[in-house]
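*Asks:* Next come a sequence and a model predicted from it.
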Amino acid sequence: MKKIIGLFICCTSLCFSQNPVFTHVFTADPSPHVWPDDPNTLWVYTSHDEPGSNNHYGMTGYHAFSTTDLVNWTDHGRILHLENVQWAESHAWAMDAAYYRGKYYLIYCMKEAGIGLFRTGVARSDVPQGPFTDLGYVKGVEFGQDPAIFIDDDGKPYLYWGHDRQCFGAQLNDDLMSIKPETQVELTKQLTHVFEGPWVHKRKGKYYLTYPGLTPRRWPEKMFYAVADKPLGPYEFKDCFIDDFEGQSGTNHGGTVTYKGKDLMFYHSAWLSDGLSETRSVMADYLNYDKEGNIIPIVPSKTGLTKAKRTRTTLHLEAENGFAAGGKLYNVIVDTWIKGYSGKGYVTNFDNPYDHVSLLAQVAKTSKYRFKVRYASPEGESNHDILINSHQYRDFVFPKSEGFTEIDFGIVELKPGDNLIRILKRNWKPSKGQLAIDYVKLEQVFDDEL
Ligand code: FUB
């Protein structure tokens with residue numbers, strides 16, 4: 001048996017494959033979306049497993065990913081963390097996202113501090129890539145694990161949540177911060193085998209509720225679905241559509257999205273984790289329906305969504321995101337005066353020794369990246385230290401540049417877990433120019449490309 005597992009892991013890590021979709025970081029509970037203002041971009045929001053954790057108790061934050069071709073992805077880094085949510089103490093478990101009345105929302109779950117029960121949190125951002133600012137938790141939802149939000153064609157928002165063989169739904173009030181209690185329904189009995197993780201999508205006027213469930217045989221979870229004529233049911237149970245598969249995790253969880261005319265199913269496995277079933281990675285395959293609208297069962301594939309030999313992800317870390325994304329702005333400011341920056345601005349005013357910006361890069365394994373920094377230094381050269389954990393470029397001279405430009409520092413290695421990238425003014429050596437840091441990029445590089 002050990003030999004078979006070894007062979008399977010070897011195949012999943014060495015053979016070219018598009019599954020798992022993200023191979024540089026452990027991700028779970030994917031929530032895929034295409035936002036109305038940009039049909040060309042697919043977004044996937046995920047929870048995050050720490051390398052080697054093999055359980056879900058220490059989960060602390062979320063990531064956002066985007067792509068325009070299903071092959072080249074951007075990891076926008078950490079978008080929300082326990083330390084940014086005052087009311088929570090642990091368990092940054094499954095989440096969903098929504099575009100509602102001109103803003104982007106992350107609807108997530110964490111355990112409430114001092115009480116230890118799950119709450120459904122609401123965080124908001126002006127941009128889809130976050131970071132998101134917590135607004136508090138949804139009033140009226142008890143034990144709100146695994147929330148999913150569905151906005152119907154008439155604009156009415158609905159919330160679904162579920163844990164431990166129970167599932168509920170309700171209409172949300174317009175501020176998304178409370179449910180309309182009179183609309184709450186328990187869906188448990190309509191969803192055979194349900195355990196947790198509901199997700200609702202609409203197709204041809206029907207509402208599909210997909211969910212991870214446990215048969216009497218118990219773990220691991222399989223994915224099931226039920227169909228209704230109205231968002232809050234009643235739902236008619238249909239079938240299992242992702243059965244057991246080689247390399248699966250104990251849990252499964254996911255959602256569907258229509259992108260460029262095709263339906264995609266995102267879910268998770270343990271394919272990236274060298275045998276740890278609870279350290280998970282996001283998968284994607286096409287979702288097809290028969291003529292009657294039944295979901296055709298998905299067999300998790302190595303090939304995934306395109307014919308490319310593999311996916312590739314670039315970590316894109318905006319300097320100005322600071323603490324909200326796991327970084328730090330130490331005695332520097334965010335400015336917008338030099339035009340052409342990406343995101344909300346750039347970081348500048350490195351005036352005194354140790355003034356710095358730090359950025360967080362989270363990865364799954366020891367792995368290599370092409371490291372780039374986008375900067376401007378309009379008045380002249382500026383010299384700074386750049387540190388990637390212990391790897392340093394001391395006294396690096398950023399050449400004069402009126403506008404923003406990328407410098408390629410070549411290949412760097414990141415370690416499993418949290419990597420801190422710091423750009424700092426280290427001594428009093430006078431700089432001719434004032435440095436402006438726009439972002440840091442880490443482009444995934446594979447061993448066979450070096
Ligand atoms: O990722 C943590 C938990 O595992 C989720 O909240 C559940 O749905 C299961 O996937």
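*Replies:* That came in fine, so what should we check first?
*Asks:* going forward, measure contacts between C-alpha atoms and count neighbours the same way
*Replies:* Noted.
*Asks:* quick one, what contacts residue 50?
*Replies:* Listed by Cα atoms under 8 Å, 6 or more residues apart in numbering, the contact set of residue 50 reads 26, 58, 59, 279, 364, 417.
*Asks:* Shouldn't residue 379 be within a helix?
*Replies:* No: per DSSP: H, G, I helix; E, B strand; the rest coil, residue 379 lies outside any helix segment and is coil.
*Asks:* give the contact list for it.
*Replies:* 400, 401, 402, 432, 433, 434 are the contacts of residue 379 under Cα under 8 Å, 6+ apart.
*Asks:* got it, and residue 299?
*Replies:* Listed by Cα under 8 Å, 6+ apart, the contact set of residue 299 reads 242, 243, 245.
*Asks:* looking at the sheet around residue 185, what are its partners?
*Replies:* residue 169 (DSSP bridges).
*Asks:* same thing with residue 388?
*Replies:* Here residue 388, judged by DSSP bridges, has bridge partners residue 391, residue 421.
*Asks:* How about the contacts made by it?
*Replies:* 419, 420, 421, 422.
*Asks:* which one of the contacts of residue 379 sits closest to residue 165?
*Replies:* residue 434 (58.0 Å; Cα to Cα).
*Asks:* where's the closest one relative to residue 390, distance?
*Replies:* 25 Å (Cα to Cα, to the nearest Å).
*Asks:* Adjacent strands (with direction) for whichever strand or helix holds residue 369?
*Replies:* Assigned by DSSP states H and E, residue 369 belongs to strand 367-377. Sheet pairing of strand 367-377 (DSSP bridges) gives strand 401-414 (antiparallel), strand 436-445 (antiparallel).
*Asks:* which outside residues touch that strand?
*Replies:* 24, 398-416, 433-447.
*Asks:* Tell me which stretches of the stretch 201-350 of the chain form strands.
*Replies:* Here the stretch 201-350 of the chain has its strands, by DSSP state E, counting those that start in this stretch, at 206-215, 218-228, 236-242, 255-259, 262-269, 281-286, 288-289, 295-296, 312-318, 328-330, 333-335, 346-348.
*Asks:* Quick one: mean pLDDT for stretch 154-173?
*Replies:* Stretch 154-173 carries an average pLDDT of 97.
*Asks:* How far away from the center of its chain is it?
*Replies:* 21 Å (Cα atoms, centre = their mean, to the nearest Å).
*Asks:* Could you do stretch 315-329 as well?
*Replies:* So, by Cα atoms, centre = their mean, the centroid of stretch 315-329 is 15 Å from its chain's centroid.
*Asks:* cool, and stretch 311-321?
*Replies:* Stretch 311-321 sits 12 Å away from the centroid of its parent chain (Cα atoms, centre = their mean).
*Asks:* For it, which outside residues touch it?
*Replies:* Against stretch 311-321 from outside (Cα under 8 Å, 6+ apart): 17-18, 21-24, 70-77, 131, 327, 329, 334, 342-347, 357-361, 437-444.
*Asks:* just to revisit the earlier point, compare residue 434 and residue 390 and say which is more crowded by neighbours.
*Replies:* Counted by other Cα atoms under 10 Å, residue 434 and residue 390 do not tie: residue 434 has more neighbours, with 18 against 10.
*Asks:* Surely that one is within a strand?
*Replies:* No: going by three-state DSSP, the assignment for residue 434 is coil, not a strand.
*Asks:* Would you agree it is in contact with residue 383?
*Replies:* No: the pair residue 434 / residue 383 is not scored as a contact, 9.3 Å apart, by Cα atoms under 8 Å.
*Asks:* Who are the contact partners of residue 176?
*Replies:* 122, 138, 157.
*Asks:* okay, the single nearest residue of the stretch 351-450 of the chain relative to the ligand: pLDDT?
*Replies:* Here the stretch 351-450 of the chain gets closest to the ligand at one residue, residue 364, 15.9 Å apart by Cα to the nearest ligand atom. What the model reports as pLDDT for residue 364 is 98.
*Asks:* Now for it, how many residues are close by?
*Replies:* Residues within reach of residue 364, counting by other Cα under 10 Å, total 25.
*Asks:* Backbone dihedrals for it, please?
*Replies:* Here is the backbone geometry of residue 364 (degrees, to the nearest 10): phi -90, psi -40.
*Asks:* Quick check: closest non-adjacent residue to it.
*Replies:* Using Cα to Cα, 6 or more residues apart in numbering and skipping the chain neighbours, the partner closest in space to residue 364 is residue 25 (4.2 Å).
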